[in-house]
Structures are given as C-alpha cells and as structure tokens.
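Novice: Using only what follows, build the 3D model:
(one chain, ligands or ions: 2)
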Amino acid sequence: MTLAQAVKAQAIRLGFDLAGITTPEPPPHWPVFQDWLSMGRHASMKYLEDPRRADPRLVMPDCKSILVLAARYPAPDPLPNPPPFRTTEMGEGRAGAGRVASYAWGRDYHLVLPEKLKSLVGFIQQETGAPVPYRIYTDTGPLLERDLAQRAGLGWIGKNTCLIHPELGSYFFLAELLLGIELEPDPPFSFDHCGTCTRCIEACPTGCILPDRTLDAHRCISYLTIENKGSIPSELRPLIGNWVFGCDICQAVCPWNQRPKPDPQPAFAPRAGVPAPDLTAELSLTPQQFNRKFSESPVQRARRRGYLRNVLVAIGNSGEAAAVPALERVADGEDALLAEHARWALEQINSGINHT
Ligand code: SF4
Ligand code: SF4
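Specialist: Numbering: from 1, shown residues only. Ligands and ions are numbered 1, 2, ... in the order given. So this is what the prediction gives:
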C-alpha cells in the first residue's frame, strides 16, 4: 500500500466518508470566482475577497499536496416538488414550526473535524517517521475548497453550487489538509452529472441560482439568515417561508440526494428541538437559554439577534394569529432591528386575518 492509500484509508477509519488527493495548483474556477466577486455577488462577505484563494501556495508556500475530505451530515426528507413553505419530516403537521438547515442540526463541524484532521497528521508523521509541515481547514481558510474537492476526484460541482458525489449526494462537509510532502494525486472528477436537469434552479424560492454555477448571495436564504447581520429586505421576507437558519431546498430537490443514506457520524445527528423549532416559543429565548440550546451548534453563527430576526420573518410567513401577543412584546422592545421585523410580522398576520 502506498502512503497516499494508507492516508486515505486512515481518513475513512477516522469517520470521513470520502478522501482524495490533489496538487497545490491554482483552482480551475478562480477566474469565475473573481468575476463573481467583481460583480459584488458575495454581498457583505468581505472575507471572500482574500486574494490567497487564487493559489493554495499563497496560504502555505511549501505545500506539495492537498488531502480533501468529506464528512456527511443528516439528509432531510427529499423534496420532489416543494412549495417554498412546506415543512420537512421534522416539522410536518406541526403548525408554527420553523426549519433549520440540516448541516446545523448537530454539533458544529468546526469543532468536530479539526480533531480528526490533527489525528490524521499524527498518523502521517508516524508513517513517514518525520515531522510534516501542514495546515488544516474546515471551511475556515482562503481556499476554493469545492474546486479542490473536484480535482481530488470527490465529485462534481452542481448547478446548485454544491459538490455532489454520485453515491453520497451533496449533504457533506468538506475539510482540507495541506501537506508539505508529495502524495500521489487522484484523477479529477471530470463528468458533469447535472446534464439537462434544472430542478434546483426551478425550486429555489428566491431565484438566486445563476447560470454559471454561482449564487447571488444577496438573495440566498442561507446568506440572508446566517451571514447577513442586518435587516432582511422586506421584498425577500415572504420568500423565506419558515427557514430560520439556512436553507436546504436546492439540495433536497436534487436527484442525487433522493436515495436513503446511512446515518452520519453521531456528532452531526439532530439535537432535540433544533431541526423544527417551535417559532413562538423561540421568541422568548433569553440570551442564556439561546446559548444553552445552541451550545456548540452552527446556529451560534447567526447569534441570538439574527436568529430571532429570522424567527420573526418565519412567524410573519406562517400567519400564526396565536403569536400576536409575543410579537407585540418584541415590537415594543428596545432592539430596533427586532422591533421592525416584529411589526412586519404583525402586518402579515393582520393582513391574513383581514383576508379571511
Ligand atoms: S440555499 Fe435556498 S435560497 Fe439559497 S440557492 Fe439554495 S434554494 Fe436558493
Ligand atoms: S438539482 Fe439537477 S441541476 Fe441542480 S445540482 Fe442537482 S442534478 Fe444538478
């Protein structure tokens, strides 16, 4: 067994579902990414402008190979033909439930995966008998990681911009180990299995999937509910449905995600009350309760204020008259951002009541 084979086998033993190796050459879609940035499609995500994304050797000059890894997270129910407000199995039939993107149902991958990567570095150093320069990334560094994953043979980049593996679909996290030793690279994944399919483009509630396999972040529900820290534009609020953190629709409709998959590693299993939270109850979460409920969860990224803002939009879209007293309390509160979203939700509910 070569060292490259032994390292990939060890990665699978550590719980990764896919492992591939590529070179540190510049990522092939860098020019597309640059155009995307120059058009401002990344909205307020300034960290994406880091020029080191052009070449992994700008991050690590002595990098000689890159190990790209994928770890699955839970797949929600497939959505063959979803109206935007349909709830998943976790919330179906329960009025007033929100939806959280499935990658955030369990423990934060930023906490889970680096430990495994460090263990893998230990294995490599044991095998080579010498210290090996390295850097680890889990969606944390200036790398075009889907490009690297495609070049390492893990899958193709779909029209929904996700990396898709023909057997495992697209519900997985990516992680990278940049190494100062040469490992034999895998052949790139060269086939595009999207073909003439356009299901993700048709299903996206905000129409933000662009023809060159990029997204207009300004309109993407994932951006609006997670990275965006300010107001959600009022014209987009009705399109958000009951998503309170992220959005799975363009993955849930993908034909490559329709096959049932084995359970992912336990760290990513859904925590009670997270996949389909009770919207009205969430409004009364104190900072302490929020931190307890979402301890070590990706939902922390939105912070309590962003999460409650999202909950208010989801309540407005749900038309839940029972939420009116709770909304009125927030509308009278001191936080101007939340108060404005609460007033919007009240208007939505009142206009719904007046129409019935
Ligand atoms: S995450 Fe949701 S809003 Fe964003 S592109 Fe996919 S379907 Fe559209
Ligand atoms: S839904 Fe269709 S077009 Fe979109 S990523 Fe999946 S296969 Fe590709």
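Novice: what about the residue nearest to Gly180 when sequence neighbours are not counted, neighbour count?
Specialist: Closest residue to Gly180 apart from its sequence neighbours, by C-beta to C-beta, 6 or more residues apart in numbering: Pro133 at 3.2 Å. C-beta: built from backbone N, CA, C; applies to glycine. Residues within reach of Pro133, counting by other C-beta atoms under 10 Å, total 14.
Novice: Correct me if wrong: Pro133 contacts Leu179.
Specialist: Yes - between Pro133 and Leu179 there is a contact at 7.3 Å, judged by C-beta atoms under 8 Å.
Novice: quick one: pLDDT of the residue nearest to Gly180?
Specialist: Model confidence at Pro133, expressed as pLDDT, equals 98.
Novice: what sits up against stretch 38-55?
Specialist: For stretch 38-55, contacts defined as C-beta atoms under 8 Å, 6 or more residues apart in numbering pick out 24-27, 30, 33-34, 36-37, 58-59, 142-144, 210, 214-218, 223, 227-229.
Novice: One more pass at 6 Å, please.
Specialist: 26, 30, 37, 58-59, 142, 144, 216-218, 223, 227 (C-beta atoms under 6 Å, 6 or more residues apart in numbering).
Novice: what's the closest of those to ligand 1?
Specialist: Distance ranking of these against ligand 1, using C-beta to the nearest ligand atom, places Tyr223 first at 7.3 Å.
Novice: Please state the backbone phi and psi of the closest one?
Specialist: Dihedral angles of Tyr223 (phi, psi; degrees, to the nearest 10) stand at phi -70, psi -50.
Novice: do the same with Asp216
Specialist: Per degrees, to the nearest 10, the backbone of Asp216 is at phi -90, psi 100.
Novice: how much space between the closest residue to it other than its chain neighbours and Ala217?
Specialist: For Asp216, ignoring the flanking residues on the chain, the nearest one in space by C-beta to C-beta, 6+ apart is Cys208 at 4.5 Å. As judged by C-beta to C-beta, to the nearest Å, Cys208 and Ala217 stand 8 Å apart.
Novice: now Cys162
Specialist: For Cys162, the distance to Ala217 - C-beta to C-beta - is 15 Å.
Novice: For ligand 1, what's its nearest residue on the stretch 1-150 of the chain.
Specialist: Closest point on the stretch 1-150 of the chain to ligand 1, by C-beta to the nearest ligand atom, is Ala101, at 7.8 Å.
Novice: Count the neighbours of that residue for me.
Specialist: 24.
Novice: go on, Pro61?
Specialist: Pro61 has 11 nearby residues by other C-beta under 10 Å.
Novice: I'd guess Ser284 is in a strand, am I close?
Specialist: No - in this structure, Ser284 is coil, not part of a strand, as judged by DSSP: H, G, I helix; E, B strand; the rest coil.
Novice: tell me which element the closest residue to it other than its chain neighbours falls in.
Specialist: Excluding its sequence neighbours, the residue lying closest to Ser284 (C-beta to C-beta, 6+ apart) is Ala326, at 6.8 Å. Assessed by DSSP states H and E, Ala326 sits inside helix 324-331.
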